[in-house]
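Engineer: Got a sequence here, can you model it:
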Amino acid sequence: MSSLKKYITLSIFIIMLGCNDKPKEVKQLTAAEILGNPEYLAISYGGYRQKTRDIQPTIKELKDDMKILAAMGIKILRTYNVQLQQATNILKAIRELKVEDPNFEMYVMLGAWIDCKNAWTDKAPDHEVESEQNEAEIARAVALAKQYPDIIKIIAVGNEAMVNWAASYFVRPNVILKWVNHLQDLKTKGDLSKDLWITSSDDFSSWGGGDPSYHTKDLEALIKTVDYISMHTYPMHNTHYNPEFWLVPENETLQSNEAKIEQAMQRALTFAQKQYDSVTNYMKSLGVNKPIHIGETGWATVSNGHYGTNGARATDEYKSGRYHQLIRKWSNENNISCFYFEAFDEQWKDAGNKLGSENHFGLINLKGQAKYALWDLVDKGVFKGLSRDGNPITKTYNGDFENLKDDVLVPPSVIGIKVTH
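Structural biologist: As a prediction, the model looks like this:
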């Protein structure tokens, strides 16, 4: 073979080798393909570090968080509003990461916040009339869905916007139905991708799984219009508001503390499963059969209120970790997406009360420490080389399980407890 032919042959080989080294293009998946897929774990995400949302996370901070979540196996995020810059910046951060690494995968369930008239003002909320701000909020969500079709796979109209205990802002189902119909119409017209799924994320009772007073014609129409139901279930909150399932029954009072705690956590899982089933049953009673996923569930690790030492004794890292393990296992085995609440602690939620439970739902705290729920991932080394706000991801309690156990609370016994509502 001549020198020229050898050179040409070698050059072709090198070019082919270089082509083989290029990352493969990631297939564009749809909501239908990622929801209910255990390979695509979901989580609720805020990312706020400070005591006020006026200080927005930077793009770099968001990218650091995305890398941490990706290391955890998370591939779908849930956001809550597009009034603030946070959701837009998350989308920018994800796109930058995808440019840097075409194999990087992260999708978004984009929340559009919905309010009633006079919500969050000094005037009485008018739950029969929607806020004038809702139209602009939906328009922003539509614009982002058009700009980031490769990332935004779901739009959720409202967050706990139909449940009556959201007294500051809830609306009637006809408002949610109006905007869901609007988005579905945009899909029909081709203004939004036909593969974009539309839902609303709300308490199980708002989806017909609780009090019959929620069973209205508008709710029936909404259930028939959304692409899937996104329901919330919180056994932890119900350890105070509906504690019958939580209290140690009389026939278990002589068991070990470890057994009492484990059985209480199993009852908590059963509680969540029953709420899921109640929504399923109501949906099917309407002749509807579509996916139901969990838009929120979680378990705080600290409380100086209803759920702590002087209350239900529900909050500590062990119980939080055990609930995370149980709900993930059940939802994965049943092809239910679970947007676990939440990724990181956020201190703005109860800024005036450092030990308020709302500040402590994260799987990772503000020091970058992985709580007990994630200790196994630290052991596996998935966070190697990653950091949050300059802190490497380490274990809480320095990984000492015996020290963690000292803070575990045993649920109250039903004996001598007068259950009130």
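Engineer: drop to CA atoms for contacts and neighbour counts, all remaining ones
Structural biologist: Noted.
Engineer: For stretch 132-149, list every residue counted as buried.
Structural biologist: The neighbour-count check on stretch 132-149 (16 or more other Cα atoms under 10 Å) flags Asn134, Glu137, Ile138, Arg140, Ala141, Val142, Leu144, Ala145, Tyr148, Pro149 as buried.
Engineer: which secondary structure element contains the second one?
Structural biologist: Translated: Glu137. helix 134-147 (DSSP states H and E).
Engineer: Output the contacting helices and strands for that helix.
Structural biologist: When contacts are defined as 3 or more Cα pairs under 8 Å, 6 or more residues apart in numbering; DSSP states H and E, helix 134-147 sits against strand 107-112, strand 152-159.
Engineer: hang on, the earlier thing: out of the buried residues of stretch 132-149, which comes closest to Met162?
Structural biologist: Using Cα to Cα, Asn134 comes nearest to Met162 of the buried residues of stretch 132-149, at 14.3 Å.
Engineer: Contact partners for that closest one?
Structural biologist: Trp113, Ile114, Asp115 (Cα atoms under 8 Å, 6 or more residues apart in numbering).
Engineer: after the longest helix seen in the chain comes which helix or strand?
Structural biologist: Identified as the longest helix of the chain according to DSSP state H is helix 257-285. Per DSSP H and E, the first helix or strand lying C-terminal to helix 257-285 is strand 292-297.
Engineer: What residues sit buried inside the very next helix or strand once past that following strand?
Structural biologist: Going down the chain from strand 292-297, the next helix or strand is helix 317-333, by DSSP H and E. Using 16+ other Cα under 10 Å as the test for burial, helix 317-333 gives 317-324, 326-328, 331-332.
Engineer: For Asn403, see how far away Leu192 is.
Structural biologist: Relative to Asn403, Leu192 is positioned 52 Å away (Cα to Cα, to the nearest Å).
Engineer: go on, Arg172?
Structural biologist: 48 Å.
Engineer: just Arg322 next, same as before
Structural biologist: 17 Å.
Engineer: What are the boundaries of the helices in the stretch 301-421 of the chain?
Structural biologist: In the stretch 301-421 of the chain, the segments counted as helices under DSSP state H, counting those that start in this stretch are 317-333, 375-380, 401-405.
Engineer: what helices or strands is the second one leaning on?
Structural biologist: Spelled out, that is helix 375-380. Partner elements for helix 375-380 (3+ Cα pairs under 8 Å, 6+ apart): strand 394-395.
Engineer: quick check: mean pLDDT across the strand it packs on?
Structural biologist: If you average the pLDDT over strand 394-395, you get 98.
Engineer: And for stretch 308-322?
Structural biologist: Mean pLDDT, computed over stretch 308-322, is 98.
Engineer: and that stretch, how far apart are its ends?
Structural biologist: 17 Å.
Engineer: what's the answer for stretch 379-392, then?
Structural biologist: 13 Å.
Engineer: hmm, who's touching it?
Structural biologist: Residues from elsewhere that reach stretch 379-392 (Cα under 8 Å, 6+ apart): Glu61, Asp64, Asp65, Lys67, Ile68, Ala71, Met72, Lys367, Gly368, Gln369, Leu377, Ile393.
Engineer: residue contacts, the fifth one?
Structural biologist: Taking Cα under 8 Å, 6+ apart as the contact definition, Ile68 lies against Phe383, Leu386, Ser387.
Engineer: List only those of those flagged as buried.
Structural biologist: The neighbour count (16+ other Cα under 10 Å) marks Phe383, Ser387 as buried among the contacts of Ile68.
Engineer: Just the contacts of Ile68: which are in strands?
Structural biologist: Of the contacts of Ile68, the ones assigned to strands by DSSP state E are Ser387.
Engineer: Output the contacts of Ile68 in TSV; the columns should cover distance to Leu41 and pLDDT.
Structural biologist: Formatted as TSV, these follow (distance: Cα to Cα, whole Å; pLDDT from 0 to 100):
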residue	distance to Leu41	pLDDT
Phe383	17	98
Leu386	20	98
Ser387	21	98
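Engineer: between the contacts of Ile68, which is nearest Arg95?
Structural biologist: The closest of these to Arg95 turns out to be Leu386 (Cα to Cα; 19.0 Å).
Engineer: Return the distance of that closest one relative to Pro392.
Structural biologist: 6 Å.
Engineer: Same question for Ala141.
Structural biologist: Distance, Ala141 to Pro392, using Cα to Cα: 34 Å.
Engineer: next one: Ser131
Structural biologist: 43 Å.
Engineer: ok, now Ile34?
Structural biologist: From Ile34 over to Pro392 (counting by Cα to Cα), the distance is 30 Å.
Engineer: and if you look at Gly209?
Structural biologist: Taking Cα to Cα, one finds Gly209 at 43 Å from Pro392.
Engineer: do Arg328 as well
Structural biologist: Distance, Arg328 to Pro392, by Cα to Cα: 25 Å.
Engineer: got it, and Gly190?
Structural biologist: Going from Gly190 to Pro392 by Cα to Cα gives 45 Å.
Engineer: again with Glu258
Structural biologist: Glu258 sits at a distance of 32 Å from Pro392 (criterion: Cα to Cα).
Engineer: Check Leu91 too.
Structural biologist: Here Leu91 is placed at a distance of 24 Å from Pro392 (Cα to Cα).
Engineer: quick one: which of those two has more around it?
Structural biologist: Taking other Cα atoms under 10 Å, Leu91 and Pro392 do not tie; Leu91 has more neighbours (23 against 16).
Engineer: So the more buried one sits against Tyr148, correct?
Structural biologist: Yes - here Leu91 lies in contact with Tyr148, judged by Cα atoms under 8 Å, at a distance of 7.3 Å.
Engineer: Pull out the buried positions in stretch 124-131.
Structural biologist: Neighbour-count burial for stretch 124-131, counted by 16+ other Cα under 10 Å, picks out Pro125, Asp126, His127, Glu130, Ser131.
Engineer: who's in contact with the second one?
Structural biologist: Contacts of Asp126 were listed using Cα under 8 Å, 6+ apart, and they are Cys116, Lys117, Asn118, Ala119.
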